[in-house]
Structure formats: C-alpha cells, structure tokens
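Engineer: based on what follows, work out the 3D shape:
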Amino acid sequence: MVYAFSTVLVATIAFVSANNLLFLVSAAMIAVLGVSGFVSKLGLAGLEIDILLPDHISARRKVRGGVRLRNLKHWFSSFSIQFQGTPGSGVDTSVYFPVVPSGATAQEPVDLSFPSRGRYTERTFELRTRFPFGFADRRESVTIHHEIIVYPCLDPQQGFEELLGSISGELESQQRGRGYDFYRVRPYEMSESVRHLDWKATAHTGSLQVREFARDEDQRVMIYLDLNCPLEQSAWFEAAVDCSAFLAYRLNLRGARVRFRTSEFDVSLPHDGDIHTILNYLALVTCRAASRVGASEGPDDEGCVNIVFTGDPARLVQQGWKAGEHSRILGPNAFSHDDAR
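Structural biologist: Reported below is the predicted structural model:
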C-alpha cells in the first residue's frame, strides 16, 4: 500500500510539473508492480503437489509424512513457496521451500493429524508466495483427490486403560502356562524380535532361523460391538468404536487371540486377517437404526472373555449375553462413570 501510494504520488507530481524525469520514475515504479504480479503468478504455475503418507493412520495421533513439490516448468524456477493445509486436510503446519528449480522436485517432512476416523477422499492445500518484492501475498488452492482410511483413535482415553488392565488380569488367571512349549524352527521374518533367534539352526542353514513356541489357547478375547444405536447416542458409539479399536490393538500386541464381532462382521485374529482388518472396518462403521441392523446373535464361545459394547444392555441380556466373571456388558455410561454391568 505504501508503494502504491508512492507511485500515485510520483505520477501526480509528474503530471502537474510536466517533469520528464518524474515520468520515467513513475513508469518504472508501475512496471515494477506489473513485473511483481507476473513473476509471482508464474512462480506458482506449473507446480505439482504430492503428499507422502504412512501406511496406517489413526485419528488424533500425529504421524510423520512428507510433502513433495515438483516444478513442471522447464525454463523457470519457483522461489519462496510456502505450503500449508486447509482445515480438514490433515496438515496443520506450513512448509517453506526457498527454491524449486525448473524440472526438479523438492521434498520436506510434515506432521499429519486427522481429527476423526473415516474415509477422506478430497483434501485442499494452499500454495503462497510473496516473491519477488513482497507487494502482495498471492495464493493458489490445490485439491488432491486421494482416498485415505483413518483408523479410530488408538490412544488411551478415560477408562480404557482400566478396562484393558482388568482383561489382562483375567487372561493371566486363565493361563495355564507361559507359552514356552517349543513348537518349531522356522525362517526369520522382518520386524520380528531377535530374542527368539536359534543360533545353532542359523549356523547350520546359513540363514536366520527363529524358535517358535506354541500359543496359549486360553488367551482369547471376543469384542462385540452392537450397531443398533440411536442417533442421540452417537457420541457414545464413537467412544465405543475407539475403545474397541484400542482393546483389539493392544491385546493383539500382547499376543492374545482376538475375535471381533458385529451383526455383519466377524473376524478372528490371526486366522481371518491381521489387526488392520479390524481397524479398517472400525474406521468406516456407523451406528444404524434397528430396522437396518441384522438380528444379533448371542455368545457362541464360552471359553473366552467377552467384552460387549451396546446402547441397550437389557436387550442384549435377553439375547443371551450375560455379565459375569469373564464377561462385561458396557452400556451408554461406560466411559463417564464406573459401569456396574
């Protein structure tokens, strides 16, 4: 604004005084404004954005990703580019690129965080620059169409750790052994712990071998999520989804056999898939009216610990689910008060 005011002032004095030197100065100042707008627009043109994402993302947890900026122009570099996300894009910080040479690619790390679970198919980002003279802040919006599945929040919330602790205690009380019965020697797989390496077998075969132990058959937990939930209990349903994901994830890490059930979904780990099969389902599941939910089935495995999430405990009790020593029915007040059921 100061520069524009100065330009108008010099042009006015030039017209009033008919001074040729002031006309030249005024023309130069106007030309600088024109060049600034053209160069800044040219700097933002021909830029391609690519967001690098980890394989698995959970809600409300910061993960490390990256932003890749490619300059498709073959004869002009882009200078002083600032990248930032809009609300809901998963990027809440800005990244600065001093220069992106023509035909080159620049990459910078960025923190990603999504507020809620679900499917994200469209995200909008913004490129900004004040190059070359800082007269104006030019912006361009870029929309990326790419499907992302965000898992429920896997961080502990109120009551989650206490529930997990009680389940772990019951599993330990049921456990007859420690799972140290030798089962077989097999090839080492990536990301496995090295403490089970069998060095004699490794030296004999020339490749890494691990000792595998028999899994304790008593460490079984079934998590049942009732989809019949009225809309006024949608906040509780989201908490139940988060708790289901938290329990399934943490119990799977501890080596317990986990089975997750709804009226339309039934997966046992590790036979029917891995933990991401359950988390992917929980990322997209929604509560539904009774008319849209299939008939719920009662418990069909008496040898496991049952954890039932329902908005209507009395209805599930009538269907055969009973709270007891190794079973819990968690109702609408489960995460705000101590649930007696």
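Engineer: tell me how far residue 321 lies from residue 307.
Structural biologist: From residue 321 across to residue 307, the span is 11 Å (Cβ to Cβ, to the nearest Å). C-betas here are computed from N, CA, C, even on glycine.
Engineer: which of those two has more neighbours?
Structural biologist: With neighbours defined as other Cβ atoms under 10 Å, residue 321 and residue 307 compare such that residue 307 has more, 25 against 22.
Engineer: with only the CA atoms kept, save whichever helix or strand the more buried one is part of in CSV.
Structural biologist: Assigned by DSSP states H and E, residue 307 falls within strand 305-309. What follows is strand 305-309, C-alpha atoms only, in CSV (Å, rounded to 0.1, in the frame of the first residue of the first chain):
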residue,chain,number,x,y,z
VAL,A,305,-13.5,-63.3,27.8
ASN,A,306,-16.5,-61.3,26.3
ILE,A,307,-16.5,-57.6,26.0
VAL,A,308,-19.8,-56.2,24.7
PHE,A,309,-20.5,-52.6,23.7
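Engineer: for it, packing partners?
Structural biologist: Counting contacts by 3 or more Cβ pairs under 8 Å, 6 or more residues apart in numbering; DSSP states H and E, strand 305-309 is packed against helix 160-174, strand 220-225, helix 234-253, strand 327-330.
Engineer: give me the common contacts of residue 321 and residue 307.
Structural biologist: 224, 327 (Cβ atoms under 8 Å, 6 or more residues apart in numbering).
Engineer: now do the same for residue 311: helix, strand or coil?
Structural biologist: coil (DSSP: H, G, I helix; E, B strand; the rest coil).
Engineer: OK, contacts around it?
Structural biologist: Contacts here follow Cβ under 8 Å, 6+ apart; on that basis residue 311 touches 226, 228-230, 233, 236-237, 287, 331-332.
Engineer: list just the nearest of these to residue 95.
Structural biologist: Closest approach to residue 95 among the contacts of residue 311 (Cβ to Cβ): residue 237, at 36.3 Å.
Engineer: which residues touch the helix or strand containing residue 202?
Structural biologist: Secondary-structure assignment from DSSP H and E places residue 202 in helix 199-205. With Cβ under 8 Å, 6+ apart as the test, helix 199-205 has contacts from 185, 208-209, 211.
Engineer: mind running it again at 6 Å?
Structural biologist: Residues from elsewhere that reach helix 199-205, judged by Cβ atoms under 6 Å, 6 or more residues apart in numbering: 185, 208-209.
Engineer: from residue 20, how far out is residue 285?
Structural biologist: Distance, residue 285 to residue 20, using Cβ to Cβ: 77 Å.
Engineer: neighbour count winner among those two?
Structural biologist: More neighbours surround residue 285 than the other of residue 285 and residue 20, with 19 against 9 (other Cβ under 10 Å).
Engineer: not counting sequence-adjacent ones, nearest residue to the more buried one?
Structural biologist: Excluding its sequence neighbours, the residue lying closest to residue 285 (Cβ to Cβ, 6 or more residues apart in numbering) is residue 241, at 6.5 Å.
Engineer: let me have the contacts of residue 311 in TSV, adding pLDDT, neighbour count and distance to residue 88 as columns.
Structural biologist: Listed next are the contacts of residue 311 as TSV, based on pLDDT from 0 to 100; neighbours: other Cβ atoms under 10 Å; distance: Cβ to Cβ, whole Å:
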residue	pLDDT	neighbour count	distance to residue 88
226	88	26	30
228	85	20	30
229	81	23	25
230	79	15	27
233	83	16	25
236	88	21	24
237	90	23	22
287	83	21	22
331	82	21	32
332	82	21	29
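Engineer: pull the most distant pair out of these.
Structural biologist: Farthest pair in those, by Cβ to Cβ: 287 and 331, 14.3 Å.
Engineer: so who does residue 259 touch?
Structural biologist: Contacts of residue 259 by Cβ under 6 Å, 6+ apart are 222, 268.
Engineer: ok, now which ones touch the most centrally placed residue in the chain?
Structural biologist: In the chain, the residue lying closest to the centroid (Cα atoms, centre = their mean) is residue 57, at 2.7 Å. Applying Cβ under 6 Å, 6+ apart to residue 57 gives the contacts 63, 150.
Engineer: what about it, distance to residue 147?
Structural biologist: Counting by Cβ to Cβ - residue 57 and residue 147 are separated by 12 Å.
Engineer: try residue 61
Structural biologist: Residue 61 is 19 Å from residue 147, by Cβ to Cβ.
Engineer: circling back to that earlier point, out of the contacts of helix 199-205, who's nearest residue 264?
Structural biologist: residue 185 (40.6 Å).
Engineer: model confidence at the closest one, what's the number?
Structural biologist: Reading off the confidence values, residue 185 has pLDDT 80.
Engineer: what of residue 157?
Structural biologist: Reported pLDDT for residue 157: 84.
Engineer: what about it, neighbour count?
Structural biologist: The tally of other residues near residue 157 (other Cβ under 10 Å) stands at 13.
Engineer: just give the nearest non-adjacent residue to it, would you?
Structural biologist: Nearest to residue 157 is residue 242, by Cβ to Cβ, 6+ apart, at 6.4 Å.
Engineer: do you know how far residue 101 is from residue 35?
Structural biologist: 21 Å.
Engineer: what about the longest helix in the protein?
Structural biologist: Scanning the chain for the helix with the most residues, using DSSP state H, yields helix 20-44.
Engineer: let me know the average pLDDT across that helix.
Structural biologist: 90.
Engineer: can you name the element that comes right after it?
Structural biologist: For helix 20-44, the following helix or strand on the C-terminal side (DSSP H and E) is strand 47-52.
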